[in-house]
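1. give me the fold of what follows.
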Amino acid sequence: MPSVPRISPQEALAKMSEGYTYVDVRTEEEFAETHPAGAFNVPWQVRGANGLEPNPDFVALMEKLFGKDAKLVLGCRSGNRSLKAANQLVAAGFTNVIDQRAGMIGIKGSFGETVEQGWPGAGLPTDTGAPAGRSYADLKKK
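-> Numbering: from 1, shown residues only. This next block holds a predicted model:
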């Protein structure tokens, strides 16, 4: 499987200005707290009876909403879930997927120090709530 390119928050913002769509793969609750301005929310995991579980509709919904040739940047809290989600999409045949490393909280070093700022720490535009047409609740209805 080809490796997924990983880029900084600043590079992700630049990709958005080049026509890439930012998809935040965190939970609905995390997304509502804060997210990159203009982002869509398609959680890679959803709350189930036993806590967070894989979202069984993730790949199908991504294909329905964006198509396998869409230019996508995926992000999450720290970069772990988004990388897993990106790899899952590539394995399903998506061709233009990039992962935003550092997520929202940044990359921490072995002593807890910030090695790379996340999206808000880098001073990039954020939004809150569940924007109409971009929230998971709205996207599931399409």
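2. now the helices for the chain?
-> 9-17, 28-33, 58-66, 80-91, 136-140 (DSSP state H).
3. residues in contact with the first one?
-> Read that as helix 9-17. 7, 20, 22, 36, 38, 71, 73, 75, 98, 100, 102, 117-119, 122, 124-125 (CB atoms under 8 Å, 6 or more residues apart in numbering). From N, CA and C alone the C-beta is placed, and that goes for glycine too.
4. closest to residue 130 out of the helices of the chain?
-> helix 28-33 (5.4 Å; CB to CB).
5. quick revisit: which ones among the contacts of helix 9-17 are found in strands?
-> 7, 22, 36, 71, 73, 75, 98, 100 (DSSP state E).
6. out of the helices of the chain, which one sits most buried?
-> Mean neighbour count (mean count of other CB atoms under 10 Å) peaks for helix 80-91 among the helices of the chain, with a mean of 21.
7. which strands and helices sit next to it?
-> The helices and strands touching helix 80-91, judged by 3 or more CB pairs under 8 Å, 6 or more residues apart in numbering; DSSP states H and E, are helix 58-66, strand 71-75, strand 96-100.
8. swap the cut-off to 6 Å and go again
-> Packing partners of helix 80-91 (3 or more CB pairs under 6 Å, 6 or more residues apart in numbering; DSSP states H and E): strand 71-75, strand 96-100.
9. now render those strands as JSON lines, adding distance to residue 135, mean neighbour count and mean pLDDT.
-> Formatted as JSON lines, the helices and strands packed on helix 80-91 follow (distance: least, CB to CB, whole Å; neighbours: other CB atoms under 10 Å; pLDDT from 0 to 100):
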{"stretch": "strand 71-75", "distance to residue 135": "16", "mean neighbour count": "26", "mean pLDDT": "98"}
{"stretch": "strand 96-100", "distance to residue 135": "20", "mean neighbour count": "24", "mean pLDDT": "98"}
